[in-house]
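> Sequence and predicted structure, then a few things I'm wondering about:
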Amino acid sequence: MKKLNLLLVFSLVSTFVASQSLAGLPDFVGTWKNADPHTSGMTRLQISAWGTYVQVHAWGKCHPYDCDWGTVRGFAYAPSVSENLIHTAHSITAEYNQGFCQRLVIIHPVRCWCITFLEVEVMTFFTDGSGRAHYHEVYTFTRNGQMPGSSEEVGPLADNAQELSSPQNNNLIPKEVELYQNSPNPFNPETHIRFQLPETRHVVLKIFNALGQEIRTLVDNEFAVGEHNVVWDGRNDQGIDVPSGMYFYHLRAGSFAQTKKMTLMR
């Protein structure tokens, strides 16, 4: 893509390679859906690979049906020139020329709790002279379009987590467990994580980094019916501030398990 800053492109790819655990082309192959059903951007991906040759087929949000962006060749990247690309590919780039704009797509897998999902960055450069600002989007893609749960072992109770008021209104008893998106997001230095319960349940709420490593147990306790609000102050279990980046919060309440992502910006 001639008009995009190639230094930015290679910097982003290098960052992905350095910050994630090793993957491989098999981790990319398949059909993926955007975890946000209300997205106005990219909705689906289909990635194929024959040896080291990669193709990326993408769709974007349109009405009433998704727009077919088409199939283009993708380029896979390994952590170093001496690596086996099939076994260690950690990023794929693809370029789409759509007439009114050019899009650079950067794809990399994230392994979390033995499950792989994709973080997809799309940089859009307008070429139609409209004066619209070029923009950058980040998406999470999974095999089924939903963030997976986890069956990790329950950790110790973190006695410094803040659990705020739990309003009880018998006329508004929730019908099901629900985990809400944290707010604010992105955040600094703290964010609120809300969830609701239809009955008293044992709740475990944990924070993981982008590599899937557990860094904080916020709550591990019984909670009554109603809505609850937990505050994460951006620190790990040792009380140390964690760096800027993408993090995941995972809630387990009985048989219910759900994960959502959030971004800390120092």
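That came in fine, so what should we check first?

> Run a quick neighbour tally on Q102.
Q102 has 19 neighbours, counted by other C-beta atoms under 10 Å. (Glycine included, C-beta is placed from N, CA and C.)

> average pLDDT for stretch 134-151?
For stretch 134-151, the mean per-residue pLDDT is 72.

> Check stretch 91-106 too.
Mean predicted confidence for stretch 91-106 is 91.

> what do you get for stretch 212-222?
91.

> One more: stretch 258-266?
90.

> How far does that stretch sit from its chain's centre?
8 Å (C-alpha atoms, centre = their mean, to the nearest Å).

> now stretch 135-144
In terms of C-alpha atoms, centre = their mean, the centre of stretch 135-144 is found 7 Å from the chain centre.

> From the rest of the structure, what touches it?
30-36, 39, 41-42, 45, 117-124, 147-148, 261 (C-beta atoms under 8 Å, 6 or more residues apart in numbering).

> buried stuff in that stretch?
Of all the residues in stretch 135-144, those buried under the rule 16 or more other C-beta atoms under 10 Å are Y139, T140, F141, T142.

> Can you tell me who the last one pairs with across the strands?
Here T142 sits in beta bridges with K33, going by DSSP bridges.

> is it true that G245 touches T263?
Yes: assessed by C-beta atoms under 8 Å, G245 is found in contact with T263 at 7.4 Å.

> With neighbour numbers in mind, choose between these two.
Set side by side, G245 and T263 show more neighbours around T263, with 16 against 13, by other C-beta under 10 Å.

> Spatially, what comes nearest to that one if we skip its sequence neighbours?
P186 (4.1 Å; C-beta to C-beta, 6 or more residues apart in numbering).

> Downstream of the lowest-mean-pLDDT helix or strand in the chain, the next helix or strand is which one?
In the chain, no helix or strand scores lower on mean pLDDT, DSSP states H and E than helix 6-19, which sits at a mean of 42. With elements assigned by DSSP states H and E, the helix or strand that comes after helix 6-19 is helix 25-28.

> That following helix packs against which elements?
Helix 25-28 sits against strand 42-50, helix 85-88, strand 101-112, with contacts defined as 3 or more C-beta pairs under 8 Å, 6 or more residues apart in numbering; DSSP states H and E.

> Identify, out of the ones you listed, the most deeply packed stretch.
Ranked by mean neighbour count, the helices and strands packed on helix 25-28 are led by strand 101-112 with a mean of 21 (mean count of other C-beta atoms under 10 Å).

> what angle do that one and strand 42-50 make?
80 degrees (axes from the mean of the first three to the mean of the last three C-alpha atoms, to 10 degrees).

> name the element the residue nearest to the spatial centre of the chain belongs to?
The residue lying closest to the centre of the chain (C-alpha atoms, centre = their mean) is T140, at 4.1 Å. For T140, the host element (DSSP H and E) is strand 135-142.

> got the angle for that strand vs strand 42-50?
Using the same axes, to 10 degrees, strand 135-142 lies at 70 degrees relative to strand 42-50.

> Can I get strand 135-142 in PDB, CA atoms only?
Extracted in PDB, the C-alpha atoms of strand 135-142 (Å, rounded to 0.1, in the frame of the first residue of the first chain):
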ATOM      1  CA  TYR A 135      -8.800   5.700  10.800                       C
ATOM      2  CA  HIS A 136      -7.600   2.700  12.700                       C
ATOM      3  CA  GLU A 137      -9.900  -0.100  14.200                       C
ATOM      4  CA  VAL A 138      -9.200  -3.100  16.300                       C
ATOM      5  CA  TYR A 139     -11.400  -6.200  16.400                       C
ATOM      6  CA  THR A 140     -11.600  -9.500  18.200                       C
ATOM      7  CA  PHE A 141     -12.600 -12.500  16.000                       C
ATOM      8  CA  THR A 142     -13.500 -16.000  17.200                       C
END
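
> Report the contact partners of the residue nearest to P198 when sequence neighbours are not counted.
Closest residue to P198 apart from its sequence neighbours, by C-beta to C-beta, 6+ apart: P174 at 4.7 Å. Counting by C-beta under 8 Å, 6+ apart, P174 makes contact with Q196, L197, P198, V225, G226, E227.
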